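**Student:** predicted model, plus sequence, below.
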Amino acid sequence: MDPIRMERRQILRFISAVILLTSPLLTSTLENGLARTPPMGWLAWERFRCNTDCVNDPDNCISERLFMQMADLLVSEGYAAAGYEYINVDDCWLAKTRDAQGRLQADPERFPSGMKALGNYIHSKGLKFGIYEDYGNYTCAGYPGILGYLELDANTFAEWNVDYVKLDGCYSHPVDMDRGYPEFGYYLNRTGRPMLYSCSWPVYQIYSGIEPNYTSIKSSCNIWRNFDDIQDSWQSVQTIIDYYGENQDAIVPHAGPGHWNDPDMLIVGNFGLSYEQAKSQFALWAIWASPLLMSVDLRTIKPDYKTIIQNRKIIAVNQDILGIQGRRIYKDRGIEIWARPITPVVRSDFSYAIVFLNRRTDGTPSEVSVINRELGLTHEAGYIVEDLYTNKDYGILTPDDKITVDVNPSGCVMLRFTVASAFQKAHLPQNHIFGLSSNINQDHRQLPQRLQWLARFPNIARSLEADQLKKREVSE
Ligand code: GAL
(Lines give C-alpha, C1' and ligand atoms only; values in the text may rest on other atoms or scores of the structure.)
Protein backbone atom coordinates (compact mmCIF):
# COMPACT_ATOMS: atom_id res chain seq x y z
CA MET A 1 0.00 0.00 0.00
CA ASP A 2 1.05 3.55 -0.76
CA PRO A 3 3.11 4.60 2.28
CA ILE A 4 1.46 8.04 2.38
CA ARG A 5 -2.05 6.50 2.47
CA MET A 6 -0.91 4.09 5.11
CA GLU A 7 0.46 6.88 7.20
CA ARG A 8 -2.80 8.81 6.80
CA ARG A 9 -4.72 5.78 7.92
CA GLN A 10 -2.57 5.38 10.96
CA ILE A 11 -3.01 9.04 11.80
CA LEU A 12 -6.78 8.70 11.42
CA ARG A 13 -6.78 5.61 13.62
CA PHE A 14 -4.71 7.44 16.18
CA ILE A 15 -7.08 10.44 16.12
CA SER A 16 -10.17 8.26 16.57
CA ALA A 17 -8.50 6.43 19.44
CA VAL A 18 -7.75 9.76 21.09
CA ILE A 19 -11.35 10.92 20.58
CA LEU A 20 -12.66 7.69 22.02
CA LEU A 21 -10.45 7.90 25.04
CA THR A 22 -11.02 11.55 25.77
CA SER A 23 -14.65 12.19 24.87
CA PRO A 24 -16.62 12.24 28.09
CA LEU A 25 -19.92 11.69 26.35
CA LEU A 26 -18.81 8.42 24.86
CA THR A 27 -17.82 6.94 28.16
CA SER A 28 -20.01 8.68 30.64
CA THR A 29 -22.27 5.92 31.89
CA LEU A 30 -22.50 5.55 35.62
CA GLU A 31 -20.52 2.59 36.80
CA ASN A 32 -19.71 3.44 40.36
CA GLY A 33 -21.66 0.53 41.89
CA LEU A 34 -23.07 2.82 44.60
CA ALA A 35 -26.54 3.42 46.03
CA ARG A 36 -27.86 -0.08 45.44
CA THR A 37 -30.43 1.02 48.03
CA PRO A 38 -31.31 4.69 48.64
CA PRO A 39 -28.51 6.57 50.43
CA MET A 40 -29.03 7.46 54.09
CA GLY A 41 -27.33 10.20 56.03
CA TRP A 42 -27.34 13.75 57.29
CA LEU A 43 -27.28 16.89 55.12
CA ALA A 44 -26.78 20.42 56.42
CA TRP A 45 -28.84 22.60 54.12
CA GLU A 46 -32.48 22.65 55.21
CA ARG A 47 -31.73 23.19 58.89
CA PHE A 48 -28.47 25.18 58.87
CA ARG A 49 -28.63 27.00 55.50
CA CYS A 50 -25.89 29.49 54.71
CA ASN A 51 -25.18 30.66 58.22
CA THR A 52 -21.56 31.81 57.98
CA ASP A 53 -21.55 33.93 61.11
CA CYS A 54 -19.26 31.92 63.34
CA VAL A 55 -18.49 34.99 65.41
CA ASN A 56 -22.01 35.52 66.70
CA ASP A 57 -23.41 32.04 66.19
CA PRO A 58 -20.49 29.61 66.55
CA ASP A 59 -22.71 26.62 67.35
CA ASN A 60 -24.84 26.83 64.23
CA CYS A 61 -22.62 28.29 61.52
CA ILE A 62 -21.40 26.20 58.58
CA SER A 63 -18.04 25.11 59.95
CA GLU A 64 -15.98 21.97 60.41
CA ARG A 65 -17.08 21.94 64.04
CA LEU A 66 -20.74 21.52 63.08
CA PHE A 67 -20.02 18.56 60.80
CA MET A 68 -17.75 16.91 63.35
CA GLN A 69 -20.44 17.22 66.00
CA MET A 70 -23.04 15.72 63.68
CA ALA A 71 -20.69 12.85 62.82
CA ASP A 72 -20.19 12.17 66.54
CA LEU A 73 -23.92 12.15 67.18
CA LEU A 74 -24.75 10.03 64.15
CA VAL A 75 -22.72 7.31 65.79
CA SER A 76 -23.35 7.90 69.51
CA GLU A 77 -27.12 8.34 69.16
CA GLY A 78 -27.72 5.18 67.15
CA TYR A 79 -28.39 6.68 63.71
CA ALA A 80 -25.37 4.99 62.15
CA ALA A 81 -26.47 1.63 63.55
CA ALA A 82 -29.87 2.22 61.94
CA GLY A 83 -28.21 2.75 58.53
CA TYR A 84 -27.45 6.48 58.26
CA GLU A 85 -23.90 6.76 56.96
CA TYR A 86 -23.24 10.00 55.05
CA ILE A 87 -22.34 13.34 56.61
CA ASN A 88 -22.95 15.80 53.82
CA VAL A 89 -21.70 19.35 53.58
CA ASP A 90 -23.93 21.63 51.48
CA ASP A 91 -23.45 25.16 50.12
CA CYS A 92 -21.28 27.85 51.78
CA TRP A 93 -18.27 25.72 52.72
CA LEU A 94 -16.05 27.36 50.11
CA ALA A 95 -13.71 30.32 50.19
CA LYS A 96 -14.86 33.02 47.79
CA THR A 97 -11.91 32.36 45.47
CA ARG A 98 -9.90 29.39 44.22
CA ASP A 99 -6.26 29.02 45.31
CA ALA A 100 -3.24 30.09 43.25
CA GLN A 101 -3.31 26.77 41.33
CA GLY A 102 -7.01 27.20 40.54
CA ARG A 103 -8.12 24.57 43.05
CA LEU A 104 -11.19 24.82 45.23
CA GLN A 105 -10.47 25.65 48.84
CA ALA A 106 -12.59 25.72 51.96
CA ASP A 107 -13.25 28.94 53.86
CA PRO A 108 -10.12 29.17 56.03
CA GLU A 109 -11.87 30.67 59.05
CA ARG A 110 -14.70 28.17 59.27
CA PHE A 111 -12.80 25.11 58.03
CA PRO A 112 -9.29 25.79 59.37
CA SER A 113 -8.23 22.12 59.08
CA GLY A 114 -9.38 21.89 55.45
CA MET A 115 -11.77 19.47 53.75
CA LYS A 116 -9.40 16.52 53.62
CA ALA A 117 -9.02 16.64 57.38
CA LEU A 118 -12.78 16.88 57.81
CA GLY A 119 -13.19 13.84 55.57
CA ASN A 120 -10.59 11.97 57.61
CA TYR A 121 -12.50 12.76 60.78
CA ILE A 122 -15.78 11.57 59.30
CA HIS A 123 -14.11 8.39 58.04
CA SER A 124 -12.56 7.78 61.45
CA LYS A 125 -16.11 7.47 62.75
CA GLY A 126 -16.86 4.78 60.17
CA LEU A 127 -18.99 7.25 58.17
CA LYS A 128 -18.86 8.67 54.65
CA PHE A 129 -18.12 12.21 53.54
CA GLY A 130 -20.33 14.22 51.17
CA ILE A 131 -19.63 17.58 49.57
CA TYR A 132 -21.57 20.16 47.52
CA GLU A 133 -20.76 22.00 44.32
CA ASP A 134 -22.58 23.54 41.38
CA TYR A 135 -22.32 23.02 37.63
CA GLY A 136 -22.48 26.78 36.96
CA ASN A 137 -20.12 29.69 37.46
CA TYR A 138 -21.25 30.00 41.07
CA THR A 139 -23.02 27.90 43.66
CA CYS A 140 -26.54 29.03 44.52
CA ALA A 141 -25.14 31.06 47.42
CA GLY A 142 -22.48 32.71 45.23
CA TYR A 143 -19.32 30.67 45.89
CA PRO A 144 -17.10 29.40 43.03
CA GLY A 145 -18.82 26.84 40.77
CA ILE A 146 -17.12 24.11 38.74
CA LEU A 147 -17.68 25.46 35.22
CA GLY A 148 -14.32 25.50 33.48
CA TYR A 149 -12.74 23.28 36.14
CA LEU A 150 -14.64 19.99 35.89
CA GLU A 151 -11.67 17.67 35.72
CA LEU A 152 -9.62 19.53 38.30
CA ASP A 153 -12.50 19.64 40.77
CA ALA A 154 -13.35 15.96 40.36
CA ASN A 155 -9.70 15.15 41.04
CA THR A 156 -9.65 17.46 44.05
CA PHE A 157 -12.69 15.70 45.53
CA ALA A 158 -11.05 12.32 45.00
CA GLU A 159 -7.87 13.63 46.60
CA TRP A 160 -9.92 14.72 49.63
CA ASN A 161 -11.46 11.23 49.82
CA VAL A 162 -14.96 12.49 49.18
CA ASP A 163 -17.64 9.76 48.95
CA TYR A 164 -20.63 11.76 47.70
CA VAL A 165 -20.96 14.83 45.49
CA LYS A 166 -24.14 16.89 45.21
CA LEU A 167 -23.97 18.99 42.05
CA ASP A 168 -26.42 21.88 41.99
CA GLY A 169 -27.39 23.88 38.91
CA CYS A 170 -27.54 27.61 39.73
CA TYR A 171 -25.80 30.04 37.35
CA SER A 172 -25.77 27.57 34.46
CA HIS A 173 -27.94 27.00 31.38
CA PRO A 174 -30.35 24.07 31.73
CA VAL A 175 -29.82 23.19 28.06
CA ASP A 176 -26.12 22.66 28.76
CA MET A 177 -26.86 20.21 31.55
CA ASP A 178 -27.49 17.27 29.18
CA ARG A 179 -23.82 17.46 28.39
CA GLY A 180 -22.39 18.98 31.57
CA TYR A 181 -23.75 16.61 34.18
CA PRO A 182 -22.57 13.46 32.35
CA GLU A 183 -19.24 15.13 31.72
CA PHE A 184 -18.63 15.80 35.39
CA GLY A 185 -19.85 12.26 36.18
CA TYR A 186 -17.27 11.01 33.72
CA TYR A 187 -14.50 12.89 35.49
CA LEU A 188 -15.72 11.61 38.86
CA ASN A 189 -15.63 8.03 37.57
CA ARG A 190 -12.24 8.56 35.99
CA THR A 191 -10.70 9.38 39.35
CA GLY A 192 -11.22 5.71 40.24
CA ARG A 193 -12.73 6.71 43.59
CA PRO A 194 -16.39 5.72 43.90
CA MET A 195 -18.32 8.91 44.63
CA LEU A 196 -22.10 8.89 44.82
CA TYR A 197 -23.35 11.46 42.32
CA SER A 198 -26.39 13.56 43.29
CA CYS A 199 -27.72 15.72 40.46
CA SER A 200 -30.10 18.68 40.32
CA TRP A 201 -30.23 18.39 36.52
CA PRO A 202 -33.94 17.52 36.04
CA VAL A 203 -35.35 20.15 38.37
CA TYR A 204 -33.61 23.00 36.56
CA GLN A 205 -34.75 21.66 33.22
CA ILE A 206 -38.33 21.27 34.41
CA TYR A 207 -38.27 24.89 35.65
CA SER A 208 -37.21 26.08 32.24
CA GLY A 209 -39.75 24.00 30.34
CA ILE A 210 -37.39 21.25 29.14
CA GLU A 211 -38.58 17.67 29.54
CA PRO A 212 -35.80 15.82 31.36
CA ASN A 213 -34.26 12.86 29.62
CA TYR A 214 -34.42 10.44 32.53
CA THR A 215 -32.79 7.67 30.53
CA SER A 216 -29.68 9.78 30.31
CA ILE A 217 -30.03 11.12 33.85
CA LYS A 218 -30.21 7.69 35.42
CA SER A 219 -27.20 6.51 33.46
CA SER A 220 -25.14 9.35 34.94
CA CYS A 221 -26.55 10.09 38.39
CA ASN A 222 -27.23 7.99 41.48
CA ILE A 223 -29.93 10.36 42.71
CA TRP A 224 -31.57 13.43 41.22
CA ARG A 225 -33.86 16.20 42.39
CA ASN A 226 -36.99 16.80 40.35
CA PHE A 227 -38.92 19.30 42.45
CA ASP A 228 -38.68 22.38 44.67
CA ASP A 229 -36.45 22.76 47.72
CA ILE A 230 -38.15 21.48 50.83
CA GLN A 231 -38.98 24.14 53.44
CA ASP A 232 -39.81 23.71 57.10
CA SER A 233 -43.57 23.28 56.79
CA TRP A 234 -46.31 20.70 56.22
CA GLN A 235 -47.41 22.86 53.31
CA SER A 236 -44.03 22.30 51.64
CA VAL A 237 -44.14 18.54 52.30
CA GLN A 238 -47.63 18.41 50.79
CA THR A 239 -46.51 20.09 47.57
CA ILE A 240 -43.89 17.35 47.25
CA ILE A 241 -46.48 14.65 47.96
CA ASP A 242 -48.67 16.11 45.22
CA TYR A 243 -45.77 16.33 42.77
CA TYR A 244 -44.81 12.71 43.39
CA GLY A 245 -48.44 11.59 43.04
CA GLU A 246 -49.28 13.62 39.96
CA ASN A 247 -46.07 12.84 38.11
CA GLN A 248 -45.66 9.23 39.13
CA ASP A 249 -45.97 7.82 35.63
CA ALA A 250 -43.09 10.01 34.51
CA ILE A 251 -40.76 9.42 37.44
CA VAL A 252 -41.47 6.06 39.13
CA PRO A 253 -40.13 3.86 36.30
CA HIS A 254 -36.68 5.42 36.58
CA ALA A 255 -36.06 4.50 40.22
CA GLY A 256 -34.16 1.31 40.94
CA PRO A 257 -30.95 0.01 42.47
CA GLY A 258 -28.22 2.55 41.77
CA HIS A 259 -30.53 5.39 40.68
CA TRP A 260 -33.27 7.13 42.64
CA ASN A 261 -35.66 10.07 42.53
CA ASP A 262 -34.81 12.51 45.32
CA PRO A 263 -37.74 14.46 46.83
CA ASP A 264 -35.25 16.37 49.04
CA MET A 265 -34.35 16.21 52.72
CA LEU A 266 -36.21 14.84 55.72
CA ILE A 267 -37.28 17.69 57.97
CA VAL A 268 -38.50 15.40 60.76
CA GLY A 269 -37.58 16.92 64.14
CA ASN A 270 -37.39 20.56 63.03
CA PHE A 271 -39.79 23.40 63.81
CA GLY A 272 -42.41 22.99 61.10
CA LEU A 273 -43.94 19.50 61.32
CA SER A 274 -46.22 18.14 64.01
CA TYR A 275 -45.59 14.62 65.25
CA GLU A 276 -48.27 13.24 62.92
CA GLN A 277 -46.91 15.17 59.94
CA ALA A 278 -43.38 13.99 60.66
CA LYS A 279 -44.61 10.38 60.63
CA SER A 280 -46.30 11.05 57.30
CA GLN A 281 -43.14 12.47 55.75
CA PHE A 282 -41.04 9.54 56.88
CA ALA A 283 -43.59 6.95 55.72
CA LEU A 284 -43.89 8.46 52.24
CA TRP A 285 -40.13 8.82 51.80
CA ALA A 286 -39.98 5.08 52.52
CA ILE A 287 -42.74 4.31 50.01
CA TRP A 288 -40.91 6.34 47.34
CA ALA A 289 -37.55 4.62 47.88
CA SER A 290 -36.17 8.09 48.50
CA PRO A 291 -32.77 9.00 49.84
CA LEU A 292 -33.14 9.45 53.62
CA LEU A 293 -31.10 12.58 54.23
CA MET A 294 -32.01 14.10 57.57
CA SER A 295 -31.52 17.83 57.95
CA VAL A 296 -32.06 18.33 61.64
CA ASP A 297 -30.09 19.43 64.67
CA LEU A 298 -29.08 16.08 66.17
CA ARG A 299 -28.01 17.91 69.36
CA THR A 300 -31.54 18.99 70.22
CA ILE A 301 -33.95 16.65 68.38
CA LYS A 302 -36.78 15.48 70.64
CA PRO A 303 -37.00 11.77 71.44
CA ASP A 304 -40.33 11.22 69.64
CA TYR A 305 -38.88 12.48 66.38
CA LYS A 306 -35.68 10.53 66.83
CA THR A 307 -37.82 7.43 67.23
CA ILE A 308 -39.52 8.19 63.92
CA ILE A 309 -36.26 8.53 61.97
CA GLN A 310 -34.80 5.46 63.61
CA ASN A 311 -37.83 3.26 62.96
CA ARG A 312 -36.08 0.14 61.69
CA LYS A 313 -39.15 -1.43 60.16
CA ILE A 314 -39.82 1.63 58.03
CA ILE A 315 -36.15 1.96 57.15
CA ALA A 316 -36.31 -1.66 55.97
CA VAL A 317 -39.14 -0.70 53.61
CA ASN A 318 -37.11 2.24 52.31
CA GLN A 319 -34.09 0.00 51.82
CA ASP A 320 -35.97 -2.91 50.27
CA ILE A 321 -33.65 -4.63 47.80
CA LEU A 322 -36.10 -4.67 44.90
CA GLY A 323 -35.85 -0.90 44.79
CA ILE A 324 -39.32 -0.41 43.32
CA GLN A 325 -40.69 3.08 43.97
CA GLY A 326 -44.25 3.03 45.31
CA ARG A 327 -47.26 4.77 43.85
CA ARG A 328 -50.39 6.57 44.90
CA ILE A 329 -53.22 4.16 44.18
CA TYR A 330 -56.12 6.08 45.63
CA LYS A 331 -56.97 9.72 46.28
CA ASP A 332 -60.35 11.06 47.23
CA ARG A 333 -61.71 13.58 49.69
CA GLY A 334 -58.41 14.04 51.48
CA ILE A 335 -57.65 10.34 51.86
CA GLU A 336 -54.77 8.84 49.91
CA ILE A 337 -53.46 5.30 49.72
CA TRP A 338 -49.86 4.69 48.64
CA ALA A 339 -48.46 1.23 47.93
CA ARG A 340 -44.96 -0.12 47.41
CA PRO A 341 -44.14 -3.70 46.35
CA ILE A 342 -41.39 -5.15 48.53
CA THR A 343 -39.76 -8.42 49.49
CA PRO A 344 -40.33 -11.19 50.37
CA VAL A 345 -41.81 -12.26 47.06
CA VAL A 346 -43.36 -15.71 46.71
CA ARG A 347 -44.21 -17.04 43.26
CA SER A 348 -44.44 -13.52 41.79
CA ASP A 349 -46.65 -12.29 44.62
CA PHE A 350 -45.05 -9.29 46.28
CA SER A 351 -45.28 -8.21 49.84
CA TYR A 352 -46.41 -4.60 50.21
CA ALA A 353 -45.95 -1.53 52.31
CA ILE A 354 -49.17 0.47 52.33
CA VAL A 355 -49.61 4.01 53.64
CA PHE A 356 -53.04 5.40 54.40
CA LEU A 357 -52.61 9.18 54.48
CA ASN A 358 -55.20 11.60 55.85
CA ARG A 359 -54.83 15.12 54.49
CA ARG A 360 -58.13 16.26 55.91
CA THR A 361 -58.14 19.01 58.48
CA ASP A 362 -61.24 18.10 60.45
CA GLY A 363 -59.88 17.38 63.85
CA THR A 364 -60.83 13.77 64.36
CA PRO A 365 -59.36 10.62 62.87
CA SER A 366 -60.94 9.27 59.68
CA GLU A 367 -61.76 5.60 59.49
CA VAL A 368 -60.73 3.98 56.25
CA SER A 369 -61.56 0.43 55.34
CA VAL A 370 -60.78 -1.50 52.25
CA ILE A 371 -60.92 -5.09 51.06
CA ASN A 372 -57.33 -6.28 50.71
CA ARG A 373 -57.96 -7.61 47.19
CA GLU A 374 -58.86 -4.10 46.10
CA LEU A 375 -55.38 -2.97 47.11
CA GLY A 376 -53.97 -5.60 44.78
CA LEU A 377 -53.29 -7.99 47.67
CA THR A 378 -54.33 -11.26 46.03
CA HIS A 379 -51.90 -13.81 47.46
CA GLU A 380 -54.30 -16.60 48.34
CA ALA A 381 -52.35 -17.83 51.37
CA GLY A 382 -52.81 -14.32 52.78
CA TYR A 383 -50.50 -11.79 54.37
CA ILE A 384 -49.00 -11.26 57.78
CA VAL A 385 -50.11 -7.72 58.54
CA GLU A 386 -48.40 -5.34 60.93
CA ASP A 387 -48.59 -1.62 61.72
CA LEU A 388 -45.07 -0.25 61.33
CA TYR A 389 -45.53 2.65 63.76
CA THR A 390 -47.57 1.03 66.54
CA ASN A 391 -46.36 -2.56 65.98
CA LYS A 392 -50.00 -3.66 66.14
CA ASP A 393 -50.23 -7.21 64.85
CA TYR A 394 -53.26 -7.88 62.62
CA GLY A 395 -52.43 -11.60 62.26
CA ILE A 396 -52.86 -13.23 58.86
CA LEU A 397 -55.39 -11.59 56.54
CA THR A 398 -56.63 -13.08 53.28
CA PRO A 399 -57.35 -11.18 50.07
CA ASP A 400 -61.05 -11.08 50.95
CA ASP A 401 -60.58 -9.75 54.45
CA LYS A 402 -61.20 -6.12 55.12
CA ILE A 403 -58.60 -3.91 56.74
CA THR A 404 -59.82 -0.97 58.80
CA VAL A 405 -57.59 1.82 60.08
CA ASP A 406 -58.14 5.10 61.91
CA VAL A 407 -55.99 7.79 60.38
CA ASN A 408 -55.24 10.97 62.32
CA PRO A 409 -55.55 14.35 60.58
CA SER A 410 -52.34 15.09 58.62
CA GLY A 411 -51.09 11.71 59.83
CA CYS A 412 -50.86 8.26 58.38
CA VAL A 413 -51.09 4.58 59.15
CA MET A 414 -48.34 2.49 57.62
CA LEU A 415 -48.89 -1.24 57.28
CA ARG A 416 -46.68 -4.00 56.06
CA PHE A 417 -48.38 -6.91 54.26
CA THR A 418 -45.89 -9.76 54.16
CA VAL A 419 -46.85 -12.68 51.93
CA ALA A 420 -47.72 -15.66 54.10
CA SER A 421 -46.63 -19.13 53.05
CA ALA A 422 -45.29 -22.35 54.39
CA PHE A 423 -41.88 -20.69 54.16
CA GLN A 424 -43.09 -17.72 56.10
CA LYS A 425 -44.08 -19.89 59.00
CA ALA A 426 -40.55 -21.26 58.99
CA HIS A 427 -39.30 -17.66 59.33
CA LEU A 428 -38.61 -16.73 55.76
CA PRO A 429 -36.09 -13.92 56.02
CA GLN A 430 -37.14 -10.49 54.90
CA ASN A 431 -35.70 -9.70 51.50
CA HIS A 432 -36.22 -13.27 50.40
CA ILE A 433 -37.35 -13.70 46.82
CA PHE A 434 -38.78 -17.05 45.92
CA GLY A 435 -39.94 -18.05 42.48
CA LEU A 436 -39.36 -14.71 40.79
CA SER A 437 -37.18 -14.08 37.78
CA SER A 438 -33.83 -12.91 39.04
CA ASN A 439 -33.58 -9.79 36.92
CA ILE A 440 -36.46 -8.08 38.70
CA ASN A 441 -33.88 -5.82 40.36
CA GLN A 442 -32.86 -4.41 37.06
CA ASP A 443 -36.16 -3.90 35.39
CA HIS A 444 -39.38 -3.47 37.19
CA ARG A 445 -41.26 -2.90 34.00
CA GLN A 446 -41.61 -6.66 34.33
CA LEU A 447 -44.14 -6.23 37.08
CA PRO A 448 -47.12 -8.47 36.73
CA GLN A 449 -50.31 -7.16 35.22
CA ARG A 450 -51.87 -6.69 38.61
CA LEU A 451 -49.36 -4.04 39.57
CA GLN A 452 -49.81 -2.16 36.36
CA TRP A 453 -53.47 -2.19 37.12
CA LEU A 454 -52.76 -0.76 40.54
CA ALA A 455 -50.75 1.94 38.92
CA ARG A 456 -53.74 3.10 36.93
CA PHE A 457 -55.91 4.05 39.87
CA PRO A 458 -57.93 0.91 40.51
CA ASN A 459 -61.57 1.07 41.08
CA ILE A 460 -61.11 0.74 44.78
CA ALA A 461 -63.32 3.72 45.42
CA ARG A 462 -66.25 1.33 45.45
CA SER A 463 -64.94 -0.60 48.38
CA LEU A 464 -63.07 2.14 50.15
CA GLU A 465 -65.60 2.72 52.84
CA ALA A 466 -64.40 5.75 54.65
CA ASP A 467 -67.39 5.31 56.94
CA GLN A 468 -66.88 8.52 58.79
CA LEU A 469 -66.60 10.39 55.56
CA LYS A 470 -69.84 8.92 54.39
CA LYS A 471 -71.67 9.85 57.53
CA ARG A 472 -70.61 13.44 57.30
CA GLU A 473 -71.03 16.14 54.69
CA VAL A 474 -67.58 16.68 53.29
CA SER A 475 -66.88 20.35 53.16
CA GLU A 476 -63.64 20.47 51.19
C1 GAL B 1 -30.52 24.77 46.16
C2 GAL B 1 -30.62 23.32 46.47
C3 GAL B 1 -30.63 23.17 47.97
C4 GAL B 1 -29.36 23.73 48.52
C5 GAL B 1 -29.18 25.17 48.08
C6 GAL B 1 -27.83 25.72 48.48
O7 GAL B 1 -30.52 24.98 44.80
O8 GAL B 1 -31.77 22.77 45.90
O9 GAL B 1 -30.79 21.80 48.32
O10 GAL B 1 -28.28 22.93 48.12
O11 GAL B 1 -29.31 25.30 46.68
O12 GAL B 1 -27.62 27.01 48.04
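**Tutor:** Everything's here; your move.
**Student:** from the middle of its chain, how far away would the lengthiest strand in the chain be?
**Tutor:** Ranked by number of residues, the top strand in the chain under DSSP state E is strand 335-346. Taking C-alpha atoms, centre = their mean, to the nearest Å, one finds the center of strand 335-346 at 17 Å from the center of the full chain.
**Student:** got the domain boundaries for this structure?
**Tutor:** 40-322, 329-425 (the TED database).
**Student:** endpoints of the longest one, how far apart?
**Tutor:** It stands for domain 40-322. Using C-alpha to C-alpha, to the nearest Å, the end-to-end distance of domain 40-322 comes out at 17 Å.
**Student:** and it, anywhere near the ligand?
**Tutor:** Yes - Domain 40-322 lies within reach of the ligand by C-beta under 6 Å from any ligand atom, at 45, 90-91, 139-141, 168, 170, 200, 229. From N, CA and C alone the C-beta is placed, and that goes for glycine too.
**Student:** now those residues as JSON lines including pLDDT, distance to L152 and neighbour count?
**Tutor:** Compiled in JSON lines, those are given as follows (pLDDT from 0 to 100; distance: C-beta to C-beta, whole Å; neighbours: other C-beta atoms under 10 Å):
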{"residue": "W45", "pLDDT": "98", "distance to L152": "25", "neighbour count": "24"}
{"residue": "D90", "pLDDT": "98", "distance to L152": "21", "neighbour count": "24"}
{"residue": "D91", "pLDDT": "98", "distance to L152": "20", "neighbour count": "21"}
{"residue": "T139", "pLDDT": "98", "distance to L152": "16", "neighbour count": "24"}
{"residue": "C140", "pLDDT": "98", "distance to L152": "21", "neighbour count": "20"}
{"residue": "A141", "pLDDT": "98", "distance to L152": "21", "neighbour count": "19"}
{"residue": "D168", "pLDDT": "98", "distance to L152": "18", "neighbour count": "27"}
{"residue": "C170", "pLDDT": "98", "distance to L152": "20", "neighbour count": "17"}
{"residue": "S200", "pLDDT": "98", "distance to L152": "21", "neighbour count": "24"}
{"residue": "D229", "pLDDT": "98", "distance to L152": "28", "neighbour count": "14"}
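**Student:** of those, which belong to helices?
**Tutor:** W45 (DSSP state H).
**Student:** among the residues of domain 40-322 next to the ligand, which one sits closest to L293?
**Tutor:** W45 (9.1 Å; C-beta to C-beta).
**Student:** before we move on, back to that, lowest average pLDDT across the domains of the chain?
**Tutor:** Mean pLDDT values for the domains of the chain show the minimum at domain 329-425, a mean of 94.
**Student:** centre of the chain to it, how far?
**Tutor:** The answer for domain 329-425 is 23 Å, by C-alpha atoms, centre = their mean.
**Student:** same check, this time on stretch 51-70
**Tutor:** With C-alpha atoms, centre = their mean, you get 26 Å for stretch 51-70.
**Student:** give me the neighbour count for E77.
**Tutor:** Using other C-beta atoms under 10 Å, E77 is surrounded by 16 other residues.
**Student:** my error: substitute S274 in the last question.
**Tutor:** 13.
**Student:** need the contact list for it.
**Tutor:** 234, 410 (C-beta atoms under 8 Å, 6 or more residues apart in numbering).
**Student:** please renumber the chain so that the first residue is 33 from this point on.
**Tutor:** Yep, numbering from 33; the last one is S306 now.
**Student:** now the residue of the stretch 333-482 of the chain found nearest the ligand. Nearest residue, chain neighbours left out?
**Tutor:** Going by C-beta to the nearest ligand atom, the ligand is nearest to I341 of the stretch 333-482 of the chain, at 18.7 Å. The shortest distance from I341 to any residue other than its chain neighbours is 5.3 Å, reached at V300 (C-beta to C-beta, 6 or more residues apart in numbering).
**Student:** and for Q342?
**Tutor:** Nearest non-adjacent residue to Q342 (C-beta to C-beta, 6+ apart): A114, at 4.7 Å.
**Student:** just to check, that neighbour is in contact with I340?
**Tutor:** No - contact criterion C-beta atoms under 8 Å: A114 and I340 do not qualify, at 11.3 Å.
**Student:** what sits against the closest residue to the ligand within the stretch 133-282 of the chain?
**Tutor:** Distances between the stretch 133-282 of the chain and the ligand by C-beta to the nearest ligand atom are smallest at C172, namely 3.2 Å. C172 sits next to 123, 166, 200, 202-203 when contact means C-beta under 8 Å, 6+ apart.
**Student:** of the residues you listed, just say which sits nearest to Q133.
**Tutor:** So of these, ranked by how close each gets to Q133 (C-beta to C-beta), first place is D166, at 20.3 Å.
**Student:** identify the residues contacting stretch 268-287?
**Tutor:** 246-247, 249-250, 258-260, 262, 293, 295-296, 299, 304-305, 309, 312-313, 316, 320-321, 355-360, 363, 368, 389, 391, 476-477, 487.
**Student:** now do 6 Å
**Tutor:** Outside stretch 268-287, the residues that touch it by C-beta atoms under 6 Å, 6 or more residues apart in numbering are 246, 250, 259, 262, 293, 295, 313, 321, 357, 359-360.
**Student:** for that stretch, which positions count as buried?
**Tutor:** Buried positions in stretch 268-287, judged by neighbour count with 16 or more other C-beta atoms under 10 Å: 268-270, 272-273, 275-277, 280, 283-287.
**Student:** which SS state does E412 fall under?
**Tutor:** coil (DSSP: H, G, I helix; E, B strand; the rest coil).
**Student:** quick check: it vs P373, distance?
**Tutor:** 17 Å (C-beta to C-beta, to the nearest Å).
**Student:** quick one: which of those two has more around it?
**Tutor:** The neighbour comparison of E412 against P373 (other C-beta under 10 Å) goes to P373, with 24 against 10.
**Student:** ok, now which ones touch the more buried one?
**Tutor:** By C-beta under 6 Å, 6+ apart, the neighbours of P373 are 356, 382, 384.
**Student:** what of L62?
**Tutor:** 251-252 are the contacts of L62 under C-beta under 6 Å, 6+ apart.
**Student:** contacts for stretch 242-257?
**Tutor:** Contacts for stretch 242-257 (C-beta under 6 Å, 6+ apart): 61-62, 66-67, 206, 213-214, 217, 228-235, 237, 286, 291-292, 294, 323.
**Student:** so which of these sit within strands?
**Tutor:** Counting by DSSP E, the contacts of stretch 242-257 contribute 228-231, 292, 294 to strands.
**Student:** how about the helices in the stretch 233-382 of the chain?
**Tutor:** Along the stretch 233-382 of the chain, counting by DSSP state H, counting those that start in this stretch, helices occupy 233-239, 246-252, 266-278, 280-283, 307-319, 335-341, 344-350.
**Student:** G110 is nearest to which of those helices?
**Tutor:** Of all the helices of the stretch 233-382 of the chain, helix 335-341 comes closest under C-beta to C-beta, at 8.2 Å.
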